[in-house]
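Participant: Below are the sequence and a predicted model; questions follow.
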Amino acid sequence: MTPTLLPQPATHTAGHHDTPLTPDWAEIVAITPEADGIATLWLKFTDPQVEQQYHFQPGQFNMLYVPGVGEAAISMSSDPDDERRLVGHTVRFVGNVTRAIGRLKIGDQLGVRGPFGTAWPMKTVEGRDLVVACGGIGLPPLRPALYHVVRNRERYGKVTLLYGARTSKDLLYPGEYEAWRKADITVEATVDRGDEHWDGRVGVVPMWFYNFRLDPRNTIVLTCGPEIMIRFVIYEALARRVPTDRIYVSLERNMKCGQGSCGHCQMGPYFVCKDGPVFPFSALAKYINVEEY
Amino acid sequence: MLDTTLNLGSRVVLPKPEFDLLLADLRQSGYQTVGPRLQDESIVYSGIDSLADLPRGVTTEQAPGKFRLMRTDRERYFDFIPGAQSWKQFLFPPRLKLFSASKEKRWELDRSDDACPRYALVGVRGCELAAIEIQDKAFLRDDFEDPTYRARREGLFIIAINCLQPAGTCFCASLGTGPRVERNFDLCLTELDDAFLVEIGSDLGRSLMAGRNFELASAFVQNTADQALARAAGQMGRTLDTSDLPDLLTHSANLDARHWDEVARRCLSCGNCTQVCPTCFCWDVTDTVNLTATTTVRERVWDSCFNPYFSYQAGGNTRPTIRSRYRQWLSHKFGTWVQQYGSLGCTGCGRCITWCPAGIDHVAEIAALREEVKE
Amino acid sequence: MTLTPKTTSRPKVAVYKFSSCDGCQLSLLNLEDELLDLADAVDIAYFLEATRAVKPGPYDVALVEGSVTTPHEIERIRQVREEARFVIALGTCATSGGIQALRNFANAEEYARTVYEHPNFLEYLNTASPISETIKVDLEIWGCPVNKYQVLECIAALLQNRRPNLPQYSVCLECKRNGTVCVLVSQGIPCLGPVVQAGCGAICPANGRGCYGCFGPWSQGNFDSFVPTLVEAERYPGETALLLHNFNANANAFRKAADAARKASKKEA
């Protein structure tokens, strides 16, 4: 018997491209405070080749890694076609990892893996009216979509942003509403509680949704925000006879990998990180009312 | 020399002492030979050198929450049904270092480019082989591949074994994964008193068998083996009705059944079922960092959907109750798994039943759920 | 976890002993490879078990070993709280009362008479209680003794303003990750693993013994379900109750479970 008859399997070592759980480094080049406990971090990849190849679509997310603390799934909030090739993440500092992100300064490094997940269907909804309904920290994942609309305004019909926050101080990106309005986007901001700094709308997003006209045959709804708000936006949209496959929802779940591998973000048959986070409501309708699913 | 007669599918008789030479040759070719061993009143999978390391003359009694070794009156090596461990620990290790990172001025990553070990698995059951196929689908998808899994998987040499003594918690026959091993092995053994009937399953297996001191299998020997296997198929401790799966566990109305509350009272949420399950693939990542936060080691570890923080994120926990966690596990295994990977996530090995400290019998739970929703 | 406002110098750490065996403090001293790093990262200002040199308070972190068993200790622990910004209860005595809390289930006076020739010189409380019963505790590290690496991780987390990476699951997961065979299922040895907080590394089952719960009850432990299972596995009547009536006897979940086990076991007998 000669053991050499057995073909030797290749020796496998893990090289860079073989290690999908290994982040690329990026440097924080700017930090924009947005609201209390919320800021946008602008990242520049350290490796020029990574920077060159990296491209995301509106609605996708990255896994941001703080060495020694862990990773958090954060949607990109910047313009996908940013000329500076910077990637912006608007982060609310509430969890273990995001609070650690909140303590970082300009020049500090973050590990980045991504982009992951499904995008807002910007191509397939061309020619239609868009209603972007979001609340609180639900606007950042939709901002890249708005930038895309602004850049390609002629491809879309009536575009309306319905955005709500708790108070006027919690409204994100207030400095940009004017530019969006100039691009013929109707921007309707509303707050849960009015105060002396606010003379605009008061009330929750679904309430204002109820108040404006839309063409159910030609409207696409994109929504992201607190779960309760999403539920009522869907409810209102359905009541206005918007078909379930024209309502798009971005979901949030605990994620560890971003690739449909670790199992944490499952919702029914879906891995929210890979089959989502953006879903047509038609795909979720079966499960949305199952308790703790 | 009978080399010319060996084809894929050939069955030959190999005297047991010859098998030890085969193991030695595997090791000489760079494989770590791993197989069943007696340890701590049970059977574990770890390094073996020869048949002498195997649990000889031993069978197992298994019931919900109970595993006992028993002596048999015959001196065979594979008359037991495996313990809690499965081969998944070799392909998807419980702990795996991903990288370390250290910082002087800047953070630098250090990937340990260790060569993956090559394993020859000795004594893989039909249900276990099916489990490897199921994990292949989870770790080697078209759109995503786990490189550490691939490296380990490609290096495998699989010596399967046909199961002749099913245990009380076995139900592989219901899922069509056993007791006979049908495919995806290099060699497959059926144990006889003094020899193994060896079936050739791959070119690699054929080259390993070439030149050995085997005999062609007579019709009598082949019949004896086939009859023993047919008998085993009839001795399953449990039967799972799969006719209405996965629908029973994906139909949203059934997800609100009262039976989930009933199981939740008994379930300990300890996660044992997920850890012993040869198809469960969930994992977590952790950092171990030094006091000055200048070096950290990032590891992948087995996780469980029964862990209370499995679905926790700032702002809420998707499945805060035992009821929702048990439902997630069972409805994934026997329901949504089909939508994700095209097959059930269960192979009928029965480990989840045997090793549940509360003795929950998931086959019975499915039957009870079916009964309730029939009303 | 946070120590803000951040101190400019190294945080001052004090280690205190209350009613205890010193085992948890020894675990700290057993951090042989890490002790120098620790002394670099923090200013160990008060640690009588290690050094007689004492720096006065206030302190940033107080690590408190032991339970409160005397009137004097009530005064002392209040002072510890006043002098420390962050109080960590260290080990089972400090977190649930420890083995000395068995007196809570008996007559302390009788115990004292049995043990001491002149019990009238003793000043003691009728119960041994965890630190959290007297003062606000910021973090509890369970274990008899504590896992020294968990203590190190908690200090690291404090220094780094993050949540400590402590397991949130049962001992069973540690056994399975270690490849340890379940002693309950394979040998019928009563083991508290499924209802006990992980963190010890599942040492006992790895040595063929059942878990006796020195890391305390797991917050999600389903005792109602598990106690009858244990009672059924008893090798002698009352074994389950004894298993629970141990280092963590005074922990609420164990106390309730032991009562239930006692009743169930009697019924069996």
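Facilitator: Received, thanks. Residues are numbered from 1 along each chain as shown, chains lettered A, B, ... in the order given.

Participant: Go ahead and confirm residue A:122 touches residue A:150.
Facilitator: No. Because the distance of 11.9 Å does not satisfy C-beta atoms under 8 Å, residue A:122 is recorded as not touching residue A:150. In short, each C-beta sits where N, CA and C put it, glycine included.

Participant: So which of those two has more stuff around it?
Facilitator: Per other C-beta atoms under 10 Å in any protein chain shown, whichever of residue A:122 and residue A:150 has more neighbours is residue A:122, with 21 against 17.

Participant: Please name the residues that touch the more buried one.
Facilitator: With contacts defined as C-beta atoms under 8 Å, 6 or more residues apart in numbering or on different chains, residue A:122 is in contact with A:57, A:58, A:145, A:148, A:149.

Participant: so how far is the lengthiest helix in chain A from its chain's centroid?
Facilitator: Counting residues, the longest helix found in chain A (DSSP state H) is helix A:227-239. On the basis of C-alpha atoms, centre = their mean, to the nearest Å, helix A:227-239 is displaced by 18 Å from the centre of the chain it belongs to.

Participant: Run the angle between the one helix or strand residue A:221 maps to and helix A:227-239 for me.
Facilitator: In the assignment (DSSP states H and E), residue A:221 maps to strand A:219-224. Relative orientation of strand A:219-224 with respect to helix A:227-239: 170 degrees, computed using axes from the mean of the first three to the mean of the last three C-alpha atoms, to 10 degrees.

Participant: Could I get the average pLDDT for strand A:219-224?
Facilitator: Averaging the model's pLDDT scores along strand A:219-224 yields 97.

Participant: What is the burial count for residue 180?
Facilitator: Defaulting to chain A. Other residues within reach of residue A:180 by the criterion other C-beta under 10 Å amount to 19.

Participant: wait, I meant chain C there
Facilitator: Applying other C-beta under 10 Å, I find that residue C:180 has 26 neighbouring residues.

Participant: Over to residue C:121?
Facilitator: Once other C-beta under 10 Å is used to define contacts, residue C:121 is seen to have 8 neighbours.

Participant: pLDDT at residue 30, what is it?
Facilitator: All of this refers to chain A. Reading off the confidence values, residue A:30 has pLDDT 98.

Participant: My question was about chain B, not that one.
Facilitator: With respect to pLDDT, residue B:30 scores 95.

Participant: Residue A:35 too?
Facilitator: For residue A:35, the model assigns a pLDDT of 97.

Participant: Quick one: name whatever helix or strand follows the longest helix of chain A.
Facilitator: Proceeding C-terminally, helix A:227-239 gives way to strand A:247-250 as the next helix or strand, assigned by DSSP H and E.

Participant: counting contacts, what elements does that following strand pack onto?
Facilitator: Using 3 or more C-beta pairs under 8 Å, 6 or more residues apart in numbering or on different chains; DSSP states H and E as the contact test, the elements touching strand A:247-250 are strand A:219-224, helix A:227-239, strand A:278-280, helix A:281-284.

Participant: Would you map the helices across the stretch 1-150 of chain A?
Facilitator: A:48-53, A:96-102, A:143-151 (DSSP state H, counting those that start in this stretch).

Participant: In contact with the residue nearest the centre of chain A, which residues are there?
Facilitator: Using C-alpha atoms, centre = their mean, the residue of chain A that lies closest to the mean C-alpha position is residue A:141, 2.6 Å off. Applying C-beta under 8 Å, 6+ apart, one finds that residue A:141 lies in contact with A:58, A:59, A:61, A:75, A:76, A:77, A:224, A:250, A:277.

Participant: now those in JSON lines, with neighbour count?
Facilitator: Output for these, formatted as JSON lines (neighbours: other C-beta atoms under 10 Å in any protein chain shown):
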{"residue": "A:58", "neighbour count": "25"}
{"residue": "A:59", "neighbour count": "26"}
{"residue": "A:61", "neighbour count": "24"}
{"residue": "A:75", "neighbour count": "29"}
{"residue": "A:76", "neighbour count": "25"}
{"residue": "A:77", "neighbour count": "25"}
{"residue": "A:224", "neighbour count": "29"}
{"residue": "A:250", "neighbour count": "25"}
{"residue": "A:277", "neighbour count": "26"}
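
Participant: how about those in a markdown table, adding distance to residue A:159?
Facilitator: Putting these into a markdown table (distance: C-beta to C-beta, whole Å) gives the following:
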| residue | distance to residue A:159 |
| --- | --- |
| A:58 | 14 |
| A:59 | 16 |
| A:61 | 23 |
| A:75 | 20 |
| A:76 | 20 |
| A:77 | 18 |
| A:224 | 16 |
| A:250 | 18 |
| A:277 | 22 |
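
Participant: What residue spans form the domains of the chain?
Facilitator: In the absence of a named chain, this looks at chain A. Each domain of chain A is listed here as a residue range: A:21-116, A:129-250, per automatic domain parsing.

Participant: I was thinking of chain C, sorry if that wasn't clear
Facilitator: Per the record, chain C has its domains at C:12-159, C:171-268, by automatic domain parsing.
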